[in-house]
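1. Next come a sequence and a model predicted from it.
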Amino acid sequence: MIVCGADGSGPAPWRVAVVGVGPRGLGVLERTAARLAQHRVGRRVELYAIDLVEPGAGRIWRADQSSCLLMNTPAGEVTMFSGPPDRGLARAGAGPSLAQWWRATRPGDGGGEVAYAPRYLSGRYLRFVLDAVESGLPDNVVLHRVRGCVVAARRAGCAGGWELILDDGRTVEADRVVLTPGHPRPELDDEQRALSQFAGSRPHLQYDRSPKLHSGHHDGLSKVVDVRSGLRLLDPGLPPANDPKSRGWSLLW
Ligand SMILES: Cc1cc2nc3c(=O)[nH]c(=O)nc-3n(C[C@H](O)[C@H](O)[C@H](O)COP(=O)(O)OP(=O)(O)OC[C@H]3O[C@@H](n4cnc5c(N)ncnc54)[C@H](O)[C@@H]3O)c2cc1C
């Protein structure tokens, strides 16, 4: 059990869990943190960043991939912060673009507005953003990073909360849940599994199947937001960012 209910001293914490923390989930956390800093609430808030690979970089932008793999968006057009940097420390609402961060942390590395960052480096930027969001949280807000795979969500408690169940048996209770799991990783059907096993037993073969999409299941949709990813960082289904030019990864809501 990761989360307990109220300890009897003061109001129970308000708990928000984000399931899947790649760029999309990180954007949700960034905006939530920025709003909590702007509009102080008189109770403790607990944010849960849950990802089966790494909260922040997530699966697609993980750090262990080849430096030959590049992001397909110029670094100057990519930011996770909902506002430009100011004179203060980077934090939710104010921080550098990928290009600004790249130049500042790795001078002479070729970083610039029109440069294309290796994907692993973009992942490090995402890590930096989550660190900045966490370190700038108001005193009444705490972030829990949970590495694990959520396999189910069910109603919990009389106040309409949720209990998330992880594949290793841990649970997380939350008042609100945001699902940002990115692209689904479809399971193989029987025929595909047979083909995959056949290929796996022969070193010169690799089985490549076209994805079969399926949707997640949870009983009842209220208080659960499910943000499926598009194929790219700039999701046309979301409102534009406050900058006149499109800012990759930026999610305003
Ligand atoms: C190989 C590849 C390369 C790409 N390159 C580019 C590019 O260069 N430029 C571009 O614009 N877009 C690119 N994309 C598209 C990419 O999907 C988006 O850029 C972006 O990563 C989408 O963000 P997201 O947060 O929605 O999804 P993701 O980045 O996929 O994040 C979702 C996260 O949810 C986690 N998750 C899923 N299910 C669970 C669960 N049950 N429990 C816990 N955690 C869970 C995953 O581990 C993952 O980290 C690429 C995609 C792929 C697959």
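-> Done, it's in. Numbering: from 1, shown residues only.

2. any idea how far whatever residue of the stretch 151-253 of the chain ends up closest to the ligand lies from Pro118?
-> Using CB to the nearest ligand atom, the single residue of the stretch 151-253 of the chain nearest to the ligand is Gly182, 2.3 Å away. For every residue, glycine as well, the C-beta is placed using N, CA and C. In this view, Gly182 and Pro118 are 20 Å apart by CB to CB, to the nearest Å.

3. Same question for the residue of the chain most remote from its centre, what's its three-state structure.
-> In the chain, the residue that sits farthest from the middle, by CA atoms, centre = their mean, is Arg202; the gap is 36.5 Å. Secondary structure state of Arg202, per DSSP: H, G, I helix; E, B strand; the rest coil, is coil.

4. heads up, I number from 442, so please use that
-> From this message on, residue numbering opens at 442, which makes the last subject Arg643.

5. Val462: how many residues sit nearby?
-> Residues lying near Val462 (other CB atoms under 10 Å) number 32.

6. do the same with Gly601
-> Neighbour count of Gly601, defined by other CB under 10 Å: 12.

7. what does Asp580 give?
-> 7.

8. Which pLDDT value goes with the residue farthest from the centre of the chain?
-> Arg643 is assigned 90 on the pLDDT scale.

9. So which residues of the stretch 542-691 of the chain form strands?
-> 582-588, 591-597, 602-607, 612-615, 617-620, 665-667 (DSSP state E, counting those that start in this stretch).

10. which residues touch Asp527?
-> Taking CB atoms under 8 Å, 6 or more residues apart in numbering, we find Asp527 in contact with Ala535.

11. circling back: looking at Gly623 and Pro559, which one has more neighbours?
-> Set Gly623 next to Pro559 and count neighbours by other CB under 10 Å: Gly623 wins out with 19 against 16.

12. you'd agree the more buried one is up against Val460?
-> No: counting by CB atoms under 8 Å, Val460 is not a contact partner of Gly623; they are 10.6 Å apart.

13. Quick check: closest non-adjacent residue to Pro452.
-> When the adjacent residues along the chain are set aside, Pro452 lies closest to Arg484, with 4.7 Å between them (CB to CB, 6 or more residues apart in numbering).

14. Number of residues surrounding the one you found?
-> Residues near Arg484, counting by other CB under 10 Å: 10.

15. May I ask which helix or strand encompasses it?
-> Assignment of secondary structure by DSSP states H and E places Arg484 within no helix or strand.

16. Kindly provide the distance from it to Pro454.
-> Look at Arg484 and Pro454: by CB to CB, they are 7 Å apart.

17. Tell me where the model's unsure across the stretch 592-694 of the chain.
-> Along the stretch 592-694 of the chain, segments meeting pLDDT under 70 span 651-694.

18. where does the stretch 442-591 of the chain dip in pLDDT?
-> Using pLDDT under 70, the stretch 442-591 of the chain drops low at 442-451.

19. switch the cut-off to 50
-> Counting by pLDDT under 50, the ranges of the stretch 442-591 of the chain that qualify are 442-447, 449.

20. Within range of the ligand, give me the residues from this protein.
-> 460-461, 463-466, 491-494, 499-501, 512-514, 590-591, 621-624, 670, 672-674 (CB under 6 Å from any ligand atom).
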